[in-house]
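okay, sequence plus prediction incoming.
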Amino acid sequence: MSTLASLAAETSTSTGEAAQFWVLGPIALLGGLGTVLMRRAVYSALCLAGTMVILALFYLANGAYFLGMVQIVVYTGAVMMLFLFVLMLVGVSSTDSLKETLKGQRLLAAACALGLGLLLVAGIGQASTGSFTGLAQANSEGNVQGLASLLFTRYVVAFEVTGVLLTIAAVGATLMTHRERLERAKSQREQAEARIRENKHVPPLPAPGVYARHNAVDLPGLLPDGTPSELTVNPTLRARGQVREVHQEALAAVRALEQRTNRHHGRAETPGEPGEGGANGANGVNGKGVGAGSDDEGAVTDAEEARK
Amino acid sequence: MSFPLLTATALTPAVGAVVTAAVPAARRTAAKWLALLFSLATVVLAAAVLLRFDTGEGADRFQLTESRSWIADFGVRYELGVDGIGVAMIALTALLIPFLIGAGWNDADPKGDEAPATRRWRPTQGFFALILMVEAMVILSFAATDIFLFYIFFEAMLIPMYFLIGGFGDRAGEQDSEEGQARQRSYAAVKFLLYNLVGGLVMLAAVIGLYVATADQLPEGTFSLQAILDARAAGELDFGTGTERWLFLGFFVAFAIKAPLWPLHTWLPNAMGESTAPVAVLITAVVDKVGTFAMLRFCLGLFPEASDWATPVVITLALVSIIYGALLALGQRDMKRLIAYASISHFGFIVLGIFAMTSQGQGGATLYMINHGVATAALLLVAGFLIARRGSRLISDYGGVQKTAPVLAGTFLIGGLATLSLPGLGPFVSEFLVLVGTFSRYKAAGIVACAGIVLAALYVLILYQRTMTGPLKPGLEKLPDLKVRELAVVAPLIALLIFLGVYPKPLTDIVNPAVEHTLSDVQKTDPEPETPAVEAAP
Amino acid sequence: MIGLLVGAPLLGAAVLLVGGRFLERVGHWVATALAAVSLVLAATLFFDMLGREGEDRALHQHLFSWIPVADFQADVAFRLDQLSMTFVLLITSVGTLIHLYSIGYMEHDPRRRRFFAYLNLFLAAMLLLVLADNYLLLYVGWEGVGLASFLLIGFWQHKPSAATAAKKAFVVNRVGDVGLAIAVMLMFTTFGSFAFEPVLAGANETGEGTLTAIGLMLLLAACGKSAQVPLQSWLGDAMEGPTPVSALIHAATMVTAGVYLITRSGAIFNGAPDAQTVVIVVGAVTLLFGAIVGCAKDDIKKALAGSTMSQIGYMMLATGLGPVGYVFAIMHLVTHGFFKAGLFLGAGSVMHGMNDEVDMRRYGGLRKYMPITFVTFGLAYLAIIGFPYLSGYFSKDEIIYAGFSKGGAEGWILGGVMLLGAALTAYYMTRIMLLTFFGEKRWQPDAQGHEPHPHESPLSMTIPMMVLAVGSVGAGFFFDQGEAFVHWLEPVTGLGHGDSPVSHGTVALAATGVMLLGVAGAWWQYGRRPVEAVAPSGRWITRAARRDLLQDDFNHAVLVRPGNYLTRGLVYLDHKLVDGVVNGTAASFGGLSGRLRRVQNGFARTYAVSMFGGAAVLVAATLLMRAV
Amino acid sequence: MSPENYLYLSALLFTLGAAGVLLRRNAIVVFMCVELMLNAANLALVTFSRMHGNLDGQILAFFVMVVAAAEVVVGLAIIVTVYRSRHSASVDDASLMKL
């Protein structure tokens, strides 16, 4: 800390700071890139966090100790966490494809960003003032004190206003996200009665994975005719769009299997018969059941054994 | 400044419009009589203006002036005042309107299918109220001596006109279906509106420019015509050549659209063709005159050098309009469009006279505005009666009318003869003055314009021959002759035409001083005769 | 007094037109009475004028100031000097006679009242024309008579041919009127006035160029009104009008207005020899043109119309000769007024008796049936062909003599042309005479199938004919007494004496000789043997002459058809081009806005892009500002 | 080394953030990119304050942080509500700004 202070106090940068900059700067850039390019929001959030931490270090190096701390605590600590929470709420694993939908958007965006960047750099280069006065006497009685004296004298009004702003923000946020529940939640009994009354899904909803070659919770069960039914998956997952695909081969395999068993029992072709399919399905499920493609063969083989 | 006579003259029809519009739907007839009453009251007031106007020597140019501050910040004032030309035009306007109301007495009645009970028929009240509204606006724009004030009325006029054109057509178009006609009507109305709005916007820019120009040369910016003229005369005000030309163009384009000058004329045939005869008269005989009037008063008065600079072009355009309009009139199949193109030709004459910059030319142009107003009114109204009887505007649907309706044919012929400016009728005086005025400065132009006379004879007589003479067209056997109301409308107009043709002196006495003023504004004097004649014995 | 002269018939016209139905019974009498009133006025004025001496015979009357604008001072003022007096007498007398005649002629026409109104209108306009004190007022009368002739030619409007003829007459005249209008303007710009006195007085000190221009313009006007080449085409068709009209307007008075105009403007023409030459040429050409046409027509009225053209050709030619000719032009004009009116009335009387049949080949042998007509017609006939000591003889021979006195080759040419014309006149007049009154009857039942019963016309028609016959016999002799007419007109027109290579006597002899030649030729062709009822196709010259020497074909090809194409093309252009440009602009704006609308696609990120773009631009701008 | 490098860095980061805002469809990511831009701005401010030797720059950066925090709170709240109603956090699965 003190070393950093001494560093910042000086009117020229030390080699140490240079080293720090040249090491951390690129990483910060990488973080930024990651934020922009990562397909999954979570990753980009993490990249952003990283960048922020590095920035905090740079603050410190620039003699803004208080800000550095605040940066770490408030930003990296609070804000990013907030982001992550929301991400969880919205669905961690949902990845948005980077395929551009708006025509020409990518080109324009690149052009704008690039142009802006170049212009800024150019501006800085043009406005460069080689010499700079350190913060020595500004931070003479401590950086925090210095800030405080400014904050509570010259910028006091702005300070108050920001206070108000924060309050409003908090209230507003709660107000927006808070949903008023108009009637008390239905009890399980009532729900059941409702189901009977409107005579829909009278039995409990089918479990996920049933009749499929897999019993993962996010894999929809197959209906007797072999079509996957979204109903079997938990609504939350459905809402997040995290229902896993049922591979077409799997479905084909099931159909093939049923036909074979029918032939074996010498029965007329009545595809998709609950009992049989159920038996097979159950068998399949009880048997070794990971990876759709592979265990079809398995199922076939024990079917053969059964015949002999 | 005792009693604000001009304001009263303009206000009467405005009030009349409100009152007429307020009449309940069931009492149509009452509304008509009210409208007629108010228009007649306006005539009385206009007559008072005419009498109060002093034509003596040394009488000041603008009389009956009124002046109140309106928008002090921009020096916009409510300034009214009339010179001889203004008086004449106001008199014409006030005089014509009652005839139009009389002619359009039944034009806006609910037609057959649409019973008065239903809300959707075109209310008679509206028709007459709008006409009165237009009258008020026109009178004000003739009387306004504050340029901004003038601009306002110049534009505001469009609104009632738009509804008159778009809302009330004579159902006699070439296309038979009701919707087709409605579409044509709205097309015509929108075209009219757009053309004039464009002109108006250009003019607005020029008006603002004018204000700026005055603002940075005079102690404070002004829109007052009188003030600007005085400043000019005193040499305090001089827009540079460039500015002046731009401003001139701004004003001139607007006026050239209003008084349709080739090639800005195409809105007129549509508008006149689709609207009922009285409205068509209103357009060509009253509203368009504001354009030519404004050329004479504002373009020349405010921008003499620029006018001088533009004269060759303007005269060329005027000549083109004369010939072009006449030729197209020859080619028309639709009576009202034919008259519309004839009017374009006549407006060519008016503009020609104005920019000939001779006292004969400009005096003639002023008379022309009035005579053309009356003549066109006579011809067009009779044509309207005819169309209303047969329900068609196509010339080919008529023939031998004079056999069943001799009086109608006769009045039609007189209107036509006035249009081809036969000596003894009003238009001859003005047309000849314009020609002489032009000829004495630009010989070639004068001679070219003469071709217009021959062509006029052609299109009028061909129209008369095709519609009125020859064997009777089937379907016209029962065609009734003019009714008393119609005759009462047409006869006075014809009498007026003859009077103006035989004894125009009273009119010229009013107009001449104003023309002298205008000429002195543009610093022009009549060319001297080559060999002054030896004084003849009386 | 002079005002009343014009006023009386004008009043009549107004009363009759406005008066309405209840004037039907008396209308024609009112009109005739008013015409007579103006005749009486004219007579009194005439004797009053005789009472005064030389210079102060001319009367002026200033009624009121008409169009005063700056230097342009047009007054309604009259001028009654010997020249206008002559015309006034001719117009009122012939006019009154023809009013009288029309009473009988139009007896059965339902619209007789209007007919008389128009006749009165014509009288008023014509009197105004000859009485006007300045060219503008003259112009009023000039177009006034044009209007009257338009109304009267097209009086039987239900006949399309009549309506067309009326329109044609007016339009062709309009062309001439433009000439007069331009002439007036030229006068105004040259002399600063267009009243007779200042103009004619100023003519002396004005450049010849200007005078020539004015002269040619006046000539154009004269050609229009007097049916001279190239504006002659309307006169033939004008015969569609009722015969009294043809007699009054298209023979006796209106068509001679051109001669009046040129004589009146003598001072100008004297100063412009080139213009005079043109006048002479026009006159000569028309003289032959009319004569040839007259020879070929079978329609009696058209034949007479051709003769009228040719006779006016004589007058024109005479006026072209300058002071030498003016007097005799007017003299011939007056005598011609008498005998040509007589001829037309005779023709009208014949048609009256023949169910309005006009084809001479369907007449024949009528002298037995309508003796009075025959006699009067015959006398007029003798007068026109210049039978010795009848009026035509004096006036025409004087003109021919004047022509010779032009001197040199021109003189001979002119003389020759006029003699040829005289021969042709004799020929076609004799032809008419023979075809109509001699030979055996050739008439057949008309379309309705009833046989015409030729009969003598009522007194109201025959009396005017007799009077005119007397006039056409005696006028010339009377005028020639001690050169009364010459002395009468001299103060106005001036008088010149050319030196002629041939003497009066010789000319008279030659004229009579060629006259007899023409008569003989006509008799040889039509008198010896019966005339076939349908015209033989004839040689090309005959066919051409029947078609008025192709004048209408020419006009149609050169003026009408191109005109039609022009107008049609312009209508198309106006719609497609002028209007198209405007509509195109509107459409393009609409399309543009539609395209711009697509940019606002509602996607937040698109807007963001534009935001950043804007930001970049701003930064760039600031940097540039700093850099500059 | 000269402290302008910090400025260059901040410029680059800012540009990156901008690009992200323009390119990404996931509202949350967009938000993060905004944060990135803010931070870049802060870095610049801090550097300036060091250059000029007074603390106003830092104060400004401080305020930026506060406002950013507020903005994040509200923004995320909005995102959540939108997500509830539309079951998506994409900024342009519907053109919200067009009627």
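Good, I have the coordinates. Numbering: from 1, shown residues only, chains lettered A, B, ... in the order given.

the longest strand in chain B is where?
Ranked by number of residues, the top strand in chain B under DSSP state E is strand B:63-71.

what residues sit buried inside that strand?
For strand B:63-71, burial by neighbour count (16 or more other CB atoms under 10 Å in any protein chain shown) applies to B:Q63, B:L64, B:T65, B:E66. (Each C-beta comes from the backbone N, C-alpha and C, glycine too.)

please put the alpha-carbon coordinates of the following helix or strand past that strand into CSV.
Next along the chain after strand B:63-71, taking DSSP states H and E as the criterion, comes strand B:76-82. The C-alpha coordinates for strand B:76-82 follow below in CSV (Å, rounded to 0.1, in the frame of the first residue of the first chain):
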residue,chain,number,x,y,z
VAL,B,76,-46.6,42.8,-37.7
ARG,B,77,-49.4,45.3,-37.9
TYR,B,78,-53.1,45.0,-38.7
GLU,B,79,-52.9,47.5,-41.6
LEU,B,80,-55.6,47.9,-44.1
GLY,B,81,-55.8,50.4,-46.9
VAL,B,82,-56.9,50.5,-50.5
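
which other helices and strands contact the next helix or strand after strand B:76-82?
Note on strand B:76-82: by DSSP H and E, the next helix or strand toward the C-terminus is helix B:84-103. Contact here means 3 or more CB pairs under 8 Å, 6 or more residues apart in numbering or on different chains; DSSP states H and E; on that basis helix B:84-103 packs against helix B:5-22, helix B:28-52, helix B:124-143, helix B:277-281, helix B:288-294, helix B:359-390, helix B:484-502, helix B:505-521.

got these as a markdown table, with distance to A:Q20, mean pLDDT and mean neighbour count columns?
Below are the helices and strands packed on helix B:84-103 laid out as a markdown table (distance: least, CB to CB, whole Å; pLDDT from 0 to 100; neighbours: other CB atoms under 10 Å in any protein chain shown):
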| stretch | distance to A:Q20 | mean pLDDT | mean neighbour count |
| --- | --- | --- | --- |
| helix B:5-22 | 84 | 90 | 21 |
| helix B:28-52 | 92 | 90 | 19 |
| helix B:124-143 | 80 | 90 | 27 |
| helix B:277-281 | 87 | 91 | 29 |
| helix B:288-294 | 80 | 92 | 25 |
| helix B:359-390 | 90 | 91 | 27 |
| helix B:484-502 | 101 | 91 | 18 |
| helix B:505-521 | 84 | 87 | 20 |
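
out of the ones you listed, which comes closest to chain C?
Chain C lies closest, by CB to the nearest CB, to one member of these: helix B:359-390, at 3.9 Å.

with only the CA atoms kept, save the next helix or strand after that closest one in PDB.
Per DSSP H and E, the first helix or strand lying C-terminal to helix B:359-390 is helix B:401-404. What follows is helix B:401-404, C-alpha atoms only, in PDB (Å, rounded to 0.1, in the frame of the first residue of the first chain):
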ATOM      1  CA  VAL B 401     -79.900  23.900 -77.800                       C
ATOM      2  CA  GLN B 402     -80.900  27.300 -79.100                       C
ATOM      3  CA  LYS B 403     -84.000  25.600 -80.600                       C
ATOM      4  CA  THR B 404     -85.400  24.600 -77.300                       C
END
